[in-house]
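Chemist: output the structure for:
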Amino acid sequence: SDYERAPSPWRAFLAAPTLCVVFCFALMSLTSQTATYWGAPSPIPSASMRIFTQALNMHRNGQTHKAMDILRTYVSTHPRDAEGFYELALYERMVGLHETAAESNRRAIALRADFPEAYINLGVCLENMGNFSAARDTYMRLLSTRPSNFAALSSLGSLSVLEGKLDEAHDYFKTALHARGDSGVRLRQAITMAPVYSTFEELQGRRERVSNNIKALSGSYDLKLRHDALLDVNSVPFFLPYTGINNVVQMRLFHQSMIRADESLLYTAPHLNVSGAVGMQALPLSGTKIRVGVISRNFRDSDAGKMIQGFAKYLSRENIELFIIMPPQGSDAITQDIQKSADVVINLPYSLTMSRQIVGDLKLHALLFPDCAAEPFSYYMAFSRLAPVQATTLSYPGTTGLPTIDYFVSFEDIEPQTNQVYYTEKLVTLPGLGSRYVYAEPEGRVPSRSFFGIEAHEHVYFVPHDLHKLHPSFDQMLISILRTDVNAKIALVEPKFSHWQEMLLQRLINAEYAPPDTKLRVVFFPPAPTRHFLNFYSLVDVVLDAYPMGGESCVREALSQGKPVVTLPTMAASGSVTQAYLRRVGTPELITTSLESYVNTAVRLNTDSTFRARITQSINFNRFLLYNDQTSMDSWAKFFVDAVKTAMPDLPFGKTME
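Modeler: Predicted coordinates for the structure are as follows:
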């Protein structure tokens, strides 16, 4: 039958791109249509298919670990079944067991050399482990036997984008499209941007090209995805905000392009109409409380995770029942803290179709996407109307462009209400700093300055941001510090790809007026989990906030360790969070107004001991104010209640609706 001849229900996923952590379990019907996605598959015995289907059903019911147990038992009794190891690897990868999943894929390949799906899945696992060179070798190995394999070509294109090699990515995407016309690759290619550029002109040219691509696609009527946005595109215009330019028009047009390509994105929960108002069915209160959901794939050691950690712990439950909604993701201490603080935890499969139904069935009154446009799952879920009130906030520095996101929640100390021009959502500015953040203590050994080649007499100016935040216009600030302070060294964070580091270092060396020894005066600290990363602040003298895209968590954490931070704020929230933190700790002197004052203030902190002592004393005395901000939590609670009342004026707070 077609059912028995069909490939694993996950195989269609594997032609999707491999940007970021790609967990996507394709929960499609097992039909001949699915089989044709990869071509003629090897027959799967019906007994095996029953096991695989049983595992799939367990996953659908949120019992992924039990599904893995079934498959482990199966492969222990069927050690020659390549398909069994491949199926097991998909679940292992989903729950973050990337090394184990990689080994299961290797077992599958050892049993069946011609197993393209297992090669792709192995490559994805290796990417998730940070072993990008091995991932590339795996895709190339597949291409050596199947030179027109669409999944390998598109995966190499996506990997080249991550590495910042846009010309190479373009060639892979072009070859993939030649192998098979595909709207998903067209959309992905259209929004391709690098994290680091060689020059300001190159960045401007790429942004203009992406803008033109998006505009052209928004008017195209031949876009049609084979499956859905998550499977076929699995990418977002992540780097657009980091160009430092308003992207409202581009994000609106990209939304138009996506809904042309995938009409299923326009899903509306059955009990809601298009605007989100209550439909024919009642949307009851939980006793006297409204139901508020928060959804993200970053409930971990990340900006969004740190924000929601305090949010879940300290948000008033007087009028709110809090649902933490978790797509597949890794887990750490912050994840566990968030889950412990939630009223309800909902685990989702990595499937838009199923997840939309699950979230819609919760009948939430409000749904928050804290970092909506930062990654594909949250972004494409947010195209749908799943609650009467839907909002996003500052964990990602830009507008979503989505008409289904009603509010962009920001804060009075960070940006004025007049910043509405930066958002398609209605801008709401609340009192406070965003959350009641949880203070983290440093852990582990403190490395020595000499380990990084830093002499005792040298002044270390540390930029703790990821390199994609270092705009070319920031270069002259760094160069001017090197020229003004002969003892200066610039410390940056080592990126995941050496190509990024090479490009940025060469950009600084080539900058106008760069000292001849610039290369020798730039050092890189390795990335690390927050509690270990905090140790690096003991090695530095001054922290530099990037321009025009500033920091959030890293700046707050620098101040928590008593380090002065210098900033040049912009009007946009993405460049003005630091100035709010500095005012809170009583050091407005570190908020500068020009490139010259930025450089002079940074250098003064290392040359004027009286000035530095006064600044450090104020930071040490007031830094706790960054972590005890209950005002933010009270304003969040009030926002949710007020927004729900506005959307549902007839909702009878104080009694349960029938």
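
Chemist: which residues of the stretch 251-400 of the chain score low on pLDDT?
Modeler: Applying pLDDT under 70 to the stretch 251-400 of the chain picks out residues 273-287.

Chemist: cool, and the stretch 551-658 of the chain?
Modeler: 652-658.

Chemist: could you pull out the helices for it?
Modeler: For the stretch 551-658 of the chain, the helices defined by DSSP state H, counting those that start in this stretch occupy 553-560, 577-584, 595-607, 609-622, 630-647.

Chemist: same question, the stretch 251-400 of the chain
Modeler: Under DSSP H, counting those that start in this stretch, the stretch 251-400 of the chain gives helices at 303-314, 333-341, 352-361, 376-381.

Chemist: need the winner for burial among those helices.
Modeler: For the helices of the stretch 251-400 of the chain, the stretch with the most neighbours on average is helix 376-381, a mean of 26; neighbours defined as mean count of other Cβ atoms under 10 Å. Placement of C-beta: from N, CA and C, glycine included.

Chemist: if I look at Ala108, how far off is Glu83?
Modeler: 7 Å (Cβ to Cβ, to the nearest Å).

Chemist: one more: Ser576?
Modeler: From Ser576 across to Glu83, the span is 54 Å (Cβ to Cβ).

Chemist: who has more neighbours, these two?
Modeler: Glu83 (26 against 22; other Cβ atoms under 10 Å).

Chemist: surely Arg93 touches Glu127?
Modeler: No - using Cβ atoms under 8 Å, Arg93 is not in contact with Glu127, being 10.4 Å away.

Chemist: about what we covered before: mind checking the helices of the stretch 551-658 of the chain for the one nearest to Leu568?
Modeler: helix 595-607 (4.7 Å; Cβ to Cβ).

Chemist: and the closest one, what does it pack onto?
Modeler: helix 475-484, strand 542-544, strand 565-566, helix 609-622 (3 or more Cβ pairs under 8 Å, 6 or more residues apart in numbering; DSSP states H and E).

Chemist: buried residues in the first one?
Modeler: Counting neighbours by 16 or more other Cβ atoms under 10 Å, one finds that the buried residues in helix 475-484 are 475-482.

Chemist: what residues of the helix or strand that that helix is followed by count as buried?
Modeler: As assigned by DSSP states H and E, the chain's next helix or strand after helix 475-484 is strand 488-493. Residues of strand 488-493 classed as buried by neighbour count (16+ other Cβ under 10 Å): 488-493.

Chemist: for strand 488-493, packing partners?
Modeler: Checked by 3+ Cβ pairs under 8 Å, 6+ apart, strand 488-493 has strand 459-462, helix 475-484, strand 522-525 packed alongside it.

Chemist: what comes into contact with it?
Modeler: 452, 454, 458-467, 470, 478, 481-482, 504, 521-525, 527, 536, 539-540, 603, 606 (Cβ atoms under 8 Å, 6 or more residues apart in numbering).

Chemist: from the residues you listed, keep the buried residues only.
Modeler: Neighbour-count burial (16+ other Cβ under 10 Å) applied to those gives 452, 454, 458-467, 470, 478, 481-482, 504, 521-525, 536, 539-540, 603, 606.

Chemist: what helix or strand is Ala108 on?
Modeler: Using DSSP H and E, Ala108 sits in helix 98-111.

Chemist: same check, this time on Ile454
Modeler: For Ile454, there is no enclosing helix or strand under DSSP H and E.

Chemist: contacting residues for it?
Modeler: By Cβ under 8 Å, 6+ apart, the residues touching Ile454 are 460, 489, 523, 539.

Chemist: per-residue pLDDT of it, please?
Modeler: Model confidence at Ile454, expressed as pLDDT, equals 96.

Chemist: go on, Pro9?
Modeler: 33.

Chemist: can you pull the buried residues of stretch 571-591?
Modeler: Neighbour-count burial for stretch 571-591 flags 572-582, 584-587, 589-591 (criterion: 16+ other Cβ under 10 Å).

Chemist: do stretch 135-153 as well
Modeler: So, applying 16+ other Cβ under 10 Å, buried residues of stretch 135-153: 135-136, 138-139, 142-143, 146, 149-153.

Chemist: please report how far the closest residue to Gly586 other than its chain neighbours lies from Val292.
Modeler: Using Cβ to Cβ, 6 or more residues apart in numbering and skipping residues adjacent in sequence, the residue nearest Gly586 is Ser618, 4.3 Å away. Using Cβ to Cβ, one obtains 37 Å as the distance from Ser618 to Val292.

Chemist: could you do Asp171 as well?
Modeler: 47 Å.

Chemist: likewise Phe411?
Modeler: Taken as Cβ to Cβ, the span from Phe411 to Val292 is 18 Å.

Chemist: for Lys174, same thing?
Modeler: Applying Cβ to Cβ, the value for Lys174 to Val292 is 45 Å.

Chemist: quick one: which of the two has more around it?
Modeler: Per other Cβ under 10 Å, whichever of Lys174 and Val292 has more neighbours is Val292, with 27 against 14.

Chemist: wait, that one sits on Ile320?
Modeler: Yes - between Val292 and Ile320 there is a contact at 5.2 Å, judged by Cβ under 8 Å.

Chemist: now do the helices in the stretch 51-200 of the chain.
Modeler: Going by DSSP H, counting those that start in this stretch, the stretch 51-200 of the chain shows helices at 64-77, 82-94, 98-111, 116-128, 132-145, 150-163, 166-179, 183-190, 200-218.

Chemist: tabulate those helices (JSON lines), appending mean pLDDT and distance to Gly562.
Modeler: Below are the helices of the stretch 51-200 of the chain laid out as JSON lines (pLDDT from 0 to 100; distance: least, Cβ to Cβ, whole Å):
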{"stretch": "helix 64-77", "mean pLDDT": "93", "distance to Gly562": "43"}
{"stretch": "helix 82-94", "mean pLDDT": "92", "distance to Gly562": "41"}
{"stretch": "helix 98-111", "mean pLDDT": "96", "distance to Gly562": "37"}
{"stretch": "helix 116-128", "mean pLDDT": "93", "distance to Gly562": "36"}
{"stretch": "helix 132-145", "mean pLDDT": "96", "distance to Gly562": "36"}
{"stretch": "helix 150-163", "mean pLDDT": "92", "distance to Gly562": "35"}
{"stretch": "helix 166-179", "mean pLDDT": "92", "distance to Gly562": "41"}
{"stretch": "helix 183-190", "mean pLDDT": "92", "distance to Gly562": "44"}
{"stretch": "helix 200-218", "mean pLDDT": "94", "distance to Gly562": "35"}
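
Chemist: make CSV out of those and add distance to Lys224.
Modeler: Converted to CSV, these look like this (distance: least, Cβ to Cβ, whole Å):
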stretch, distance to Lys224
helix 64-77, 31
helix 82-94, 26
helix 98-111, 31
helix 116-128, 23
helix 132-145, 26
helix 150-163, 16
helix 166-179, 14
helix 183-190, 6
helix 200-218, 12
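
Chemist: would you list the phi and psi of Ser384?
Modeler: phi -90, psi 160 (degrees, to the nearest 10).

Chemist: count residues in the vicinity of it, would you?
Modeler: Neighbour count of Ser384, defined by other Cβ under 10 Å: 23.

Chemist: can you check Thr518 too?
Modeler: Neighbours of Thr518 (other Cβ under 10 Å): 18.

Chemist: identify the residue nearest it in space, chain neighbours excluded?
Modeler: Using Cβ to Cβ, 6+ apart, the nearest residue to Thr518 is Ile509, at 5.2 Å.

Chemist: what's the answer for Ile619, then?
Modeler: Using Cβ to Cβ, 6+ apart and skipping residues adjacent in sequence, the residue nearest Ile619 is Val585, 5.1 Å away.

Chemist: can I get the helices of the stretch 251-400 of the chain in a markdown table with distance to Glu557?
Modeler: Below are those laid out as a markdown table (distance: least, Cβ to Cβ, whole Å):
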| stretch | distance to Glu557 |
| --- | --- |
| helix 303-314 | 9 |
| helix 333-341 | 13 |
| helix 352-361 | 32 |
| helix 376-381 | 24 |
